[in-house]
Structure formats: structure tokens, C-alpha cells
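*Asks:* This is a predicted model, with the sequence first.
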Amino acid sequence: MTNTLPRRVLGELDVPAIGFGAMVLSPGMYGEIDDRRAVTALTAAIDAGGTFIDTSDAYGDHGHNEQLVGTAVRGRRDEVTVATKFGLKLADGAEPHPLKVGYAFEELAVNAEPRYVRDQAGNSLRNLGIDVIDLYYLHFPDPQVPIEDSVGAMAELVAEGKVRALGVCNVTPDELRRAHAVHPLAAVQTEWSMWRPVDPGLLEVARELGIGLVPWSPLGAGFLTGTVQQLAADDFRTNAPRFDPRSLAANNASYAALQALAADLGITRSQLALAWLLHQDPAVVPIPGSRTPEHIVENLAAADIVLHPDTLARIDEVLARIQPVGGTLLQDAR
């Protein structure tokens with residue numbers, strides 16, 4: 001039996017106010033994890049009402065993350081809105097197109113050529129074990145392919161009934177406007193949290209065009225939970241300057257005021273970070289990820305938290321004083 005969370009709208013999709021980011025459930029992201037534990041986490045999210053599940057063909061090897069999601073939604077498909085992405089995992093025969101993003105790895109290889117889109121979607125449908133993808137994203141814009149061409153190929157999937165709604169990720173305001181002109185977009189994914197402000201231009205265009213915002217890494221890759229003191233050697237976050245031991249210590253000290261504020265409110269720091277995001281715009285749907293059922297339930301409960309305007313003002317005052325050390329997970333260098 002699925003619990004009910006407050007609902008929000010992304011295009012024509014009706015989704016819970018907080019979804020679930022499944023990326024953390026594949027090995028090589030936040031250290032090792034077995035499939036049984038991963039499916040248990042997904043099931044906990046669905047049971048708690050986090051029925052908007054976000055994945056990608058690039059998470060894990062050979063469609064591993066999508067397959068985990070497929071296992072969890074089997075027999076419960078009518079309860080779940082499934083979102084996945086393409087373009088970051090190269091299709092067979094696709095030439096890699098380097099994309100500088102200022103990420104922990106400095107450069108990504110993408111390919112969003114129209115000729116590969118249909119096959120990539122077909123692979124995702126098979127991995128997920130479903131007949132239609134509810135929300136299909138372009139993972140990153142391809143620097144060698146006009147975004148209009150990529151979205152045009154995605155729009156053909158909607159016409160064929162293989163996809164219900166389209167979205168884009170990690171785009172500029174201009175790219176968002178151009179993509180939406182080809183086919184109406186339900187959502188745009190971007191990094192946004194108390195750690196990284198949203199691009200005000202992107203927010204403005206999304207509001208103007210009625211496009212929902214789906215913040216990825218809404219808990220700052222776990223930093224905003226206030227529990228990250230050190231990382232395992234196989235955790236991908238060790239590549240990010242913000243998680244360097246000295247940077248991490250400095251940042252934990254800087255953000256301690258938020259811990260005190262959360263304690264005053266009787267909520268966790270994670271809940272404060274998620275509730276704050278929800279109060280920024282009615283079309284915001286964050287997708288935190290976790291491997292622990294208790295933390296998943298805790299995160300989703302933030303959807304019911306109402307922050308008084310005075311509290312929001314206090315948060316803004318604290319954030320205005322903080323100077324994070326070590327940058328963010330994604331800094332656009334295009």
C-alpha cells in the first residue's frame with residue numbers, strides 16, 4: 001500500500017512533491033551496494049509515496065540502474081512515474097563528443113545525435129521492463145548537435161507512444177527555450193540546493209514557459225545531511241574538491257548554523273534542505289536519493305513541512321553568509 005504525499009505537476013504528469021533519485025543504488029557511485037539492498041530501498045521509496053523514480057541508462061554498467069528500477073516497479077507500474085535519460089551512455093557505434101563541464105572529472109563524453117535516440121529509448125524500455133517511459137530526458141546537451149535536433153528525435157517517441165513527456169537536463173536558459181520550442185517540455189533537471197543556487201535565468205525561463213524544475217543533488221550529494229565526515233575510497237565524491245578532507249571540515253563548520261535551525265524546528269537538516277527547496281517554487285520536485293529506508297522515509301516526510309516566512313528569511317540570511325569551499329559537483333564551463 002503506497003502512502004500519499006502532496007502532489008505537484010510537471011507538464012501533464014501528476015507526481016509526488018518529492019521523488020526518488022535512484023543513481024545512488026548502483027555500485028561505483030557512493031561505494032559498493034548489492035542489488036537486494038538497492039531494490040529494498042526502491043520499494044521503501046514507493047511504499048512511502050516517493051513514486052516519482054529517476055534513473056538513467058548511464059547509471060551503472062549495462063543498464064544496471066534501470067534494471068533495478070524495473071525490478072522494483074514490476075507489479076506496481078500503475079503506482080509509479082518513471083523518468084530516465086539518454087545521451088551520456090554512448091550508443092553502439094556512436095562517436096564520443098567531449099563536453100567540458102567543470103565536473104569532478106572535468107570532461108564528459110556525450111552523444112545525442114538523432115539517429116541514436118530511438119535505439120537508446122528501446123534499450124531503456126527493455127531494461128525497465130515497461131511499455132512506455134513517463135518522462136524521457138536528454139541527460140546533457142551535445143555540443144556537436146543542435147538541441148533542436150535531439151529534442152526533435154525525442155518528440156517522435158512521444159508521437160509513437162513510447163514516451164509520455166519530455167525533459168532536458170543541465171542546460172542553459174537559451175537551450176531550454178530552444179528545446180521547448182520544438183516540443184513542450186514537462187521538466188528541466190538542474191543542480192539546485194542550499195549548496196548551489198539555481199541559475200536565475202533558467203528559473204525565469206522555466207516559469208515563463210510552465211516547465212517544472214527537478215533539482216538533482218538537492219542534498220548536496222549528501223553533504224547537506226550533516227552526516228558526511230569522511231568517504232570510502234571507492235566513493236565517486238572523493239573526486240570532487242568540496243569533499244576533500246579539509247574542504248569538508250570547513251564546509252561542515254560553515255553550515256552548522258543550519259543544523260541548529262533544524263533542531264529548533266524539530267526536523268532533520270535533510271528535511272530542512274528539502275522543505276526549503278519546495279518553498280522556492282510550486283513547480284519544484286526534488287529527487288533525493290538514499291540507500292537506507294529510514295532516511296528515505298525521513299526525506300519524503302519533508303513534503304509535509306510548512307516553513308513560516310520568518311524561518312525562510314532566517315535561512316536566506318544564513319545562506320548569504322556562507323562561502324562554500326571547493327566548488328560544486330557541476331560547474332558549467334561551456
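*Replies:* Structure received.

*Asks:* Can you tell me the SS state at Leu88?
*Replies:* Three-state call for Leu88 (DSSP: H, G, I helix; E, B strand; the rest coil): coil.

*Asks:* can you count the residues close to it?
*Replies:* Leu88 has 21 neighbouring residues, counting by other Cβ atoms under 10 Å. The C-beta positions use only the backbone N, C-alpha and C, and glycine is treated the same way.

*Asks:* Tell me who's in contact with the closest residue to Val117 other than its chain neighbours.
*Replies:* Computed as Cβ to Cβ, 6 or more residues apart in numbering, the closest residue to Val117 that is not its neighbour in sequence is Ala153, at 3.9 Å. Contacts for Ala153 (Cβ atoms under 8 Å, 6 or more residues apart in numbering) come out as Pro114, Arg115, Val117, Arg118.

*Asks:* For Ala153, I want the exact helix or strand it lies within.
*Replies:* Assigned by DSSP states H and E, Ala153 belongs to helix 147-159.

*Asks:* Give me the next element, helix or strand, following that helix.
*Replies:* Following helix 147-159 in sequence order, the next helix or strand is strand 163-169 (DSSP H and E).

*Asks:* Partner strands of that following strand, with direction?
*Replies:* According to DSSP bridges, strand 163-169 forms sheet pairs with strand 133-138 (parallel), strand 187-191 (parallel).

*Asks:* Output those in JSON lines; the columns should cover distance to Ala273.
*Replies:* Listed next are those as JSON lines, based on distance: least, Cβ to Cβ, whole Å:
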{"stretch": "strand 133-138", "distance to Ala273": "23"}
{"stretch": "strand 187-191", "distance to Ala273": "13"}
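
*Asks:* can you put those in JSON lines and add distance to Arg178, mean neighbour count and mean pLDDT?
*Replies:* Output for these, formatted as JSON lines (distance: least, Cβ to Cβ, whole Å; neighbours: other Cβ atoms under 10 Å; pLDDT from 0 to 100):
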{"stretch": "strand 133-138", "distance to Arg178": "12", "mean neighbour count": "25", "mean pLDDT": "98"}
{"stretch": "strand 187-191", "distance to Arg178": "12", "mean neighbour count": "24", "mean pLDDT": "97"}
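
*Asks:* so which of these gets nearest Glu317?
*Replies:* Closest approach to Glu317 among the strands paired with strand 163-169 (Cβ to Cβ): strand 187-191, 22.8 Å.

*Asks:* what residues does the closest one touch?
*Replies:* When contacts are defined by Cβ under 8 Å, 6+ apart, strand 187-191 is touched by residues 10-11, 13, 83, 135, 137, 165, 167-171, 176, 198-199, 202, 206, 211-217, 285, 328-330.

*Asks:* what about 7 Å?
*Replies:* Identification of contacts with strand 187-191 by Cβ atoms under 7 Å, 6 or more residues apart in numbering yields 10-11, 135, 137, 167-171, 176, 198-199, 202, 206, 211-217, 328-330.

*Asks:* Now do the helices in this structure.
*Replies:* Listed in chain order, the helices of the chain (DSSP state H) span residues 35-47, 64-73, 114-128, 147-159, 173-182, 200-209, 245-254, 256-265, 269-278, 293-300, 309-321.

*Asks:* For the fifth one, list every residue counted as buried.
*Replies:* Applying a neighbour-count criterion of 16 or more other Cβ atoms under 10 Å, one finds Pro173, Glu175, Leu176, Arg177, Arg178, Ala179, His180, Val182 buried in helix 173-182.

*Asks:* Could you do the last one as well?
*Replies:* Residues of helix 309-321 classed as buried: Thr311, Arg314, Ile315, Val318, Leu319 (neighbour count, 16+ other Cβ under 10 Å).
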